[in-house]
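S.K.: Structure, please.
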Amino acid sequence: MQITATFVSGLLSQRHRSLWLQSCPSSTIDRKVKQVVRCLSKGMQKHFKSIPKPVEGEKKSMHAMPDFVWLIKCIYEMQEDRIAKDAMKKLEVDHLKLTYCSIGPVECTALAYVLQHLWNPIGLQLDHNSVGDVGVEQLLPCLHICKSL
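M.R.: Here you go, the predicted model:
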């Protein structure tokens, strides 16, 4: 299902709109895009609501689950800044733990696209993944917002 959702997100992106206009009305496309955006937004909100309150004196952190990673990949496939900005304005943590989330270079590209829309600096933990040199290179666009990596 995750692969299908990512694929559909890419198909409904603005860059493929001209292909869709040849086969169906603009109103249908707009309705489908709104449905995908609504699903992504609800998924992100559900994930953010699961973040426990920080312990007194500690920074608020979130351990991302694999579902969070595929939501980010879907947002990346849409390639719409407003969707990424909307998702990131609701992320209110100081530290994002992405350990054991099967993060590779492709996921780093999606992560960088979304994280560059954060308002506040964040610590990013990528232990026990397969980031590698290529993944670090893909993260360069968001390193200005990362206070630790």
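S.K.: Please report how far the residue nearest to residue 8 when sequence neighbours are not counted lies from residue 132.
M.R.: Once flanking residues are discounted, residue 8 sits nearest to residue 36: 6.7 Å by CB to CB, 6 or more residues apart in numbering. Where you see a C-beta, it was placed from the backbone N, CA and C, and this is true even at glycine. For residue 36, the distance to residue 132 equals 30 Å [CB to CB, to the nearest Å].
S.K.: more neighbours, these two?
M.R.: Ranked by neighbour count (other CB atoms under 10 Å), residue 36 and residue 132 place residue 36 first, with 19 against 12.
S.K.: show me the contacts for that one.
M.R.: Residue 36 makes contacts with 8, 9, 12, 74, 78, as judged by CB atoms under 8 Å, 6 or more residues apart in numbering.
S.K.: How many neighbouring residues does the fourth one have?
M.R.: Translated: residue 74. Residue 74 - counted by other CB under 10 Å - has 25 other residues nearby.
S.K.: Give me the secondary structure label for it.
M.R.: For residue 74, the assignment made with DSSP: H, G, I helix; E, B strand; the rest coil gives helix.
S.K.: per-residue confidence for the closest residue to it other than its chain neighbours?
M.R.: Excluding its sequence neighbours, the residue lying closest to residue 74 (CB to CB, 6+ apart) is residue 9, at 4.0 Å. Here the pLDDT value assigned to residue 9 is 80.
S.K.: Now do the helix or strand residue 9 falls within: which elements does it pack against?
M.R.: For residue 9, the element it lies in under DSSP states H and E is helix 2-11. For helix 2-11, the contact count by 3 or more CB pairs under 8 Å, 6 or more residues apart in numbering; DSSP states H and E identifies helix 26-49, helix 66-78 as packing neighbours.
S.K.: could I get whichever helix or strand comes after the last one in PDB with only the CA atoms?
M.R.: Translated: helix 66-78. Using DSSP H and E, the helix or strand that follows helix 66-78 in sequence is helix 81-89. The C-alpha trace of helix 81-89 is given here as PDB (Å, rounded to 0.1, in the frame of the first residue of the first chain):
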ATOM      1  CA  ASP A  81       5.800  23.400  -0.900                       C
ATOM      2  CA  ARG A  82       2.500  24.400   0.700                       C
ATOM      3  CA  ILE A  83       1.900  20.800   1.700                       C
ATOM      4  CA  ALA A  84       5.400  20.400   3.100                       C
ATOM      5  CA  LYS A  85       5.100  23.700   5.000                       C
ATOM      6  CA  ASP A  86       1.700  22.800   6.400                       C
ATOM      7  CA  ALA A  87       3.000  19.400   7.600                       C
ATOM      8  CA  MET A  88       6.100  20.900   9.200                       C
ATOM      9  CA  LYS A  89       4.500  23.800  10.900                       C
END
